[in-house]
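# coordinates for the following, if possible.
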Amino acid sequence: GTQQEIILKIVLCAVGLNVSFGIWGLLQERILTQTYDGDFFEYSYGLVFINRLFGLILSAFLMYHYKITWVSSPLWEYSIPSVANMLSSWCQYEALKYVSFPTQMLAKAFKMLPVMLMGKFIHNKSYESYEYIAASGVGFGLYIFLNSAENIDFKQNVFGDPESINGAWCGVALLFLFLFFDSFTGQWQTRMFQIYGEMSPLQMMLIMN
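Okay, the predicted model is just below:
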């Protein structure tokens with residue numbers, strides 16, 4: 001397409017991505033912090049299952065609606081990022097049993113750095129020193145923002161209950177695992193798109209779910 005069409009597509013994708021993640025974050029916080037008949041929703045597996053189920057249905061519908069061409073590729077290559085994606089989601093939800101929601105957001109703020117490290121490991125990418133500094137700076141800036149806007153208590157879980165030191169460290173460990181699996185998933189998907197250049201993101205989404 002023309003340069004304007006490409007720019008418009010990038011803008012639409014960026015807006016759609018931010019709106020989707022914004023809604024997803026709000027719903028996630030609401031589901032996990034609100035009570036239902038006096039009880040909190042604590043079933044991480046249930047959230048992961050519903051997430052994958054609706055992703056499967058939506059991607060299948062869009063593949064059929066837009067008549068996307070199926071690109072032949074080994075199914076085992078999808079199993080690796082699919083399992084990693086599932087584990088990252090589970091670690092993310094499970095961590096909220098031990099840490100607060102702002103603490104989880106703070107961990108996500110540092111996602112750029114592990115993504116770069118995983119890119120170096122999987123693709124042997126090279127990054128300049130200033131890129132690592134910039135990634136760390138973004139995370140630190142978000143920490144300042146969250147710290148000024150929220151009362152971050154590392155000894156409190158998402159339900160507002162005080163957590164033991166061991167529990168807090170368990171939550172931190174789960175957040176580290178979340179960052180590891182999430183970074184791995186994205187970089188492995190990038191690898192597959194490079195190998196199978198004609199593959200649609202909807203095909204990736206369908207098989208991953």
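# distance of Tyr196 from Phe121?
21 Å (CB to CB, to the nearest Å). Heads up, the C-betas are built off the backbone N, CA and C, glycines and all.
# ok, those two, which is more surrounded?
Taking neighbours as other CB atoms under 10 Å, Tyr196 and Phe121 compare with Tyr196 leading, 16 against 12.
# my guess is the more buried one contacts Val71. True?
Yes. Proximity of Tyr196 to Val71 meets the contact threshold set by CB atoms under 8 Å, at 5.3 Å.
# OK, contacts around the spatially most central residue of the chain?
What sits nearest the mean C-alpha location of the chain, by CA atoms, centre = their mean, is Asp182, with 5.7 Å. Shown here is Asp182, whose contacts under the criterion CB atoms under 8 Å, 6 or more residues apart in numbering are Ala84, Asn85, Ser88, Gln92, Lys111, Pro114.
# which one of these is nearest Asn18?
Top of the list for closeness to Asn18, among those and by CB to CB, is Lys111 at 14.8 Å.
# so who does that closest one touch?
When contacts are counted by CB under 8 Å, 6+ apart, Lys111 touches Leu179, Asp182, Ser183.
# want to throw the residues you listed into CSV with secondary structure and distance to Ile6?
Shown next, in CSV, are these (DSSP: H, G, I helix; E, B strand; the rest coil; distance: CB to CB, whole Å):
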residue, secondary structure, distance to Ile6
Leu179, helix, 31
Asp182, helix, 28
Ser183, helix, 27
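# which one of those residues is nearest to Arg30?
Within the contacts of Lys111, the smallest distance to Arg30 is 21.7 Å, found for Asp182 (CB to CB).
# now the closest one: how far from Gln189?
11 Å.
# what of Ser82?
Between Ser82 and Gln189 the computed distance is 10 Å (CB to CB).
# residues bridging contact with the two, i.e. touching both?
Overlap between the neighbourhoods of Ser82 and Gln189 consists of Met208, taking contacts as CB under 8 Å, 6+ apart.
# Ser20: how many residues sit nearby?
Around Ser20 sit 10 other residues, with neighbours defined as other CB under 10 Å.
# and what of the one 10 residues further on?
For Arg30, the count of nearby residues is 10 (other CB under 10 Å).
# list the contacts of stretch 40-47.
Residues lying outside stretch 40-47 but in contact with it, judged by CB under 8 Å, 6+ apart, are Gln28, Ile31, Leu32, Thr33, Gln34, Ser89, Trp90, Tyr93, Glu94, Lys97, Phe159.
# buried residues of that stretch, list them for me.
If you call a residue buried by 16 or more other CB atoms under 10 Å, then stretch 40-47 has these buried ones: Phe40, Ser44, Leu47.
# what's the answer for stretch 113-125, then?
Per 16+ other CB under 10 Å, stretch 113-125 contains these buried residues: Leu113, Pro114, Val115, Met116, Leu117, Met118, Gly119.
# among the residues you listed, which lie within helices?
Of the buried residues of stretch 113-125, the ones assigned to helices by DSSP state H are Leu113, Pro114, Val115, Met116, Leu117, Met118, Gly119.
# many thanks, I have nothing further to ask.
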